[in-house]
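Participant: here is the input, now give the coordinates:
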Amino acid sequence: MEQVEKASGIGIGAYISKHIREYGLLFALIAIMIFFQIVTGGVLLRPVNITNLFLQNSYIIIMALGMLMVIVAGHIDLSVGSVMGFVGAFAAVMIVQWDMPVIVAVIASLACGAAIGAAQGYFVAYWKIPSFIVTLAGMLVFRGLSLWLLAGQSVGPFPASFQSLANGFIPDPFGADKPNMLAMLVGIATVLILIWLGLRTRARNTRYGIEDEPFGLFVARNAIVAAALLFVTWKLAWFRGLPNVMLSMVVLTVIYVFITERTTLGRRVYAVGGNAKAAKLSGIRTERLTFLTFVNMGFLAALGGLVYAARLNTATPKAGFAVELDVIAAVFIGGASMAGGSGKIVGAVVGAFIMGVMNNGMSIMGIGIDYQQVIKGLVLLAAVFFDVYNKNKEA
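Facilitator: This is a model prediction of the structure:
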C-alpha cells in the first residue's frame, strides 16, 4: 500500500484533506442515511420508501442541475419555484380544460419554460441587471400568473399518460415476478460502467503525469459507491422496479456531467463564473453564455413543473412555493461556491439527496415543518461556512 501511495505522489490523508468537500459529501450522505435508518426503526430504507425518495425529490434534482450552471456562472435564479408552478398550471389548463394531446402540451410547456428563461437571461446578460433583482421580479410575476391562470382553484386530474411522467415504472421484460430483474441488471451494469470509467480515467491521468488519488482510496470509494448502488437497485427491485422519473434523472445527470466536464461550453461557463472580465478578454462571449444558462434553467424548471404536477395529479396555485430555496440549498450543500466558478453536477445531485433524506427522515419521525425549516437552514449555513473557511485557509 505504501508503494502505491508513493507512486501516486500523495498520501491518503493529504489527498482527503485536499479534497475534503467531495469526500465529506459522500460520508455525510451515508452518515445521515444510517442515522435516520436507526431512529426511524428501519423505515427509511424500506423498498417503498426508497422509491418515494426518488419520486419526491425528482423535480428538485432536475432543477438543481440547471441551478448549478447558473451559480457556477456567477448568478442566482430565485424564480424557479414560481416558474415550476406556472408551467404546471399551464400544462393543466391545456390538458384538462382545453383537451390538448399530452405530447403537444408537454412540448409547449417546455418551450414556455425556455422562453421564460430567455426573457430573464436577456435582462441579466445584455442589460447587466443583477440576476437577484430580475429573478426576484420573475418569482413575483409568475406566482401571480399562476393564481390568475388557475383562478385560485386546483385543476386536475390528468390522464394516465401524463401521470406516468412521475408515477410510472419501466416494465420488466423478464416478467412481473419479484425481484424485478431489469432493475438488478441495470444496477449491475451501472456499477461495471462506473468502475470501467474510473479505471480508464486513472490510466489516462497516469499516462499524462496528472496527480491522482491513492489507489487504496480509489478502491475504497468505488467499493462504497458500488455497494450503495447495488443496495438501492436491490431495494427497488423488490417493490415495483425502476421509476420512469429515475431514468430521466440519470440521463439528465449524465448529459450535464458530460457538458460541464468534457466540453468547451462547460469549461467556458466555469471561466465566466471564475472571472468574467478575463473570460471576455480571452474571446469568450460571456453574454451569450449567461443567456444560455438561464434558458437552460427555465427549461429544467418547466420539466420540474411537469413532473411535480404529474406526481400530484393536479395543478395547484401553491405549487412550487419556496421550492427555489431547496434547489439553491442543494447546490450549495453540494459544494458550489457562492462566488461562482466552482461546483460539480454530481455534488449538486448528492446535495439534493441529502436534503431529500433529511426531509423524508424528519417527516417519518413526526418532526414539525417549523423545526424542519430550522434544521435545513442550519445545514445550509454550515455548508456555506465550510466553503468560506476552506477558501480563507487556502488563501
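
Participant: nearest residue to residue 198 in space, please, no chain neighbours.
Facilitator: residue 222 (5.8 Å; Cβ to Cβ, 6 or more residues apart in numbering). C-beta coordinates here come from the backbone N, C-alpha and C atoms, glycine included.

Participant: check which helix or strand the one you found maps to.
Facilitator: helix 215-237 (DSSP states H and E).

Participant: right, and the helix or strand after that helix?
Facilitator: That would be, after helix 215-237 and using DSSP H and E, helix 244-262.

Participant: name the residues of that next one that are buried.
Facilitator: By neighbour count on 16 or more other Cβ atoms under 10 Å, the buried set for helix 244-262 is 244-246, 248-249, 252-253, 256-257, 259-260.

Participant: do the same with stretch 212-231
Facilitator: 212-215, 217-218, 225-226, 229.

Participant: where does residue 88 land on pLDDT?
Facilitator: At residue 88, the pLDDT value in this model is 96.

Participant: residues contacting it?
Facilitator: 305-306, 308-309, 315, 319-320 (Cβ atoms under 8 Å, 6 or more residues apart in numbering).

Participant: can you tell me the SS state at it?
Facilitator: Here residue 88 takes the helix state, with states given by DSSP: H, G, I helix; E, B strand; the rest coil.

Participant: mind checking how far it is from residue 228?
Facilitator: Distance check for residue 88 against residue 228: by Cβ to Cβ, to the nearest Å, it reads 32 Å.

Participant: next: residue 208.
Facilitator: 30 Å.

Participant: same question for residue 353.
Facilitator: Counting by Cβ to Cβ, the gap from residue 353 to residue 228 is 11 Å.

Participant: please apply the same query to residue 383.
Facilitator: For residue 383 relative to residue 228 (Cβ to Cβ), the value is 21 Å.

Participant: show me what contacts residue 309?
Facilitator: 88-89, 91-92, 158, 315, 319.

Participant: gap between the residue lying closest to it once chain neighbours are set aside and residue 27?
Facilitator: In this structure, residue 309 finds its nearest non-sequential neighbour in residue 88, 3.6 Å apart by Cβ to Cβ, 6+ apart. According to Cβ to Cβ, residue 88 stands 36 Å off from residue 27.

Participant: residue 342 now?
Facilitator: With Cβ to Cβ as the criterion, residue 342 and residue 27 are 20 Å apart.

Participant: which of the two has more residues huddled nearby?
Facilitator: Neighbours per residue (other Cβ atoms under 10 Å) separate residue 342 from residue 27, with residue 342 holding more: 18 against 12.

Participant: wait, a strand at that one?
Facilitator: No: using three-state DSSP, the secondary structure at residue 342 is coil, not a strand.

Participant: contacts only, for it.
Facilitator: 72, 270, 273-274, 335-336.

Participant: these in helices, which ones?
Facilitator: 72, 270, 273-274 (DSSP state H).

Participant: pLDDT weak spots in the chain?
Facilitator: Applying pLDDT under 70 to the chain picks out residues 1-11, 19, 211, 390-391, 393-395.

Participant: closest to the centroid, which residue in the protein?
Facilitator: What sits nearest the mean C-alpha location of the chain, by Cα atoms, centre = their mean, is residue 61, with 2.8 Å.

Participant: could you measure from it over to residue 209?
Facilitator: Residue 61 is 36 Å from residue 209, by Cβ to Cβ.

Participant: repeat that for residue 131.
Facilitator: 40 Å.

Participant: who has more neighbours, these two?
Facilitator: Remark: of residue 131 and residue 209, residue 131 carries more neighbours, 25 against 8, as counted by other Cβ under 10 Å.

Participant: which residues does that one contact?
Facilitator: 70, 75-77, 120, 124, 294.

Participant: kindly recompute the last result at 7 Å.
Facilitator: 75-77, 124 (Cβ atoms under 7 Å, 6 or more residues apart in numbering).

Participant: please save the CA atoms from stretch 293-305 in PDB.
Facilitator: C-alpha atoms of stretch 293-305 as PDB (Å, rounded to 0.1, in the frame of the first residue of the first chain):
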ATOM      1  CA  THR A 293     -27.600  29.200 -18.700                       C
ATOM      2  CA  PHE A 294     -30.900  31.000 -17.900                       C
ATOM      3  CA  VAL A 295     -32.600  29.400 -20.900                       C
ATOM      4  CA  ASN A 296     -31.400  26.100 -19.700                       C
ATOM      5  CA  MET A 297     -32.600  26.900 -16.200                       C
ATOM      6  CA  GLY A 298     -36.100  27.800 -17.500                       C
ATOM      7  CA  PHE A 299     -36.300  24.600 -19.500                       C
ATOM      8  CA  LEU A 300     -35.400  22.400 -16.500                       C
ATOM      9  CA  ALA A 301     -37.800  24.400 -14.200                       C
ATOM     10  CA  ALA A 302     -40.500  23.600 -16.700                       C
ATOM     11  CA  LEU A 303     -39.600  20.000 -16.700                       C
ATOM     12  CA  GLY A 304     -39.600  20.000 -12.900                       C
ATOM     13  CA  GLY A 305     -43.100  21.600 -13.000                       C
END
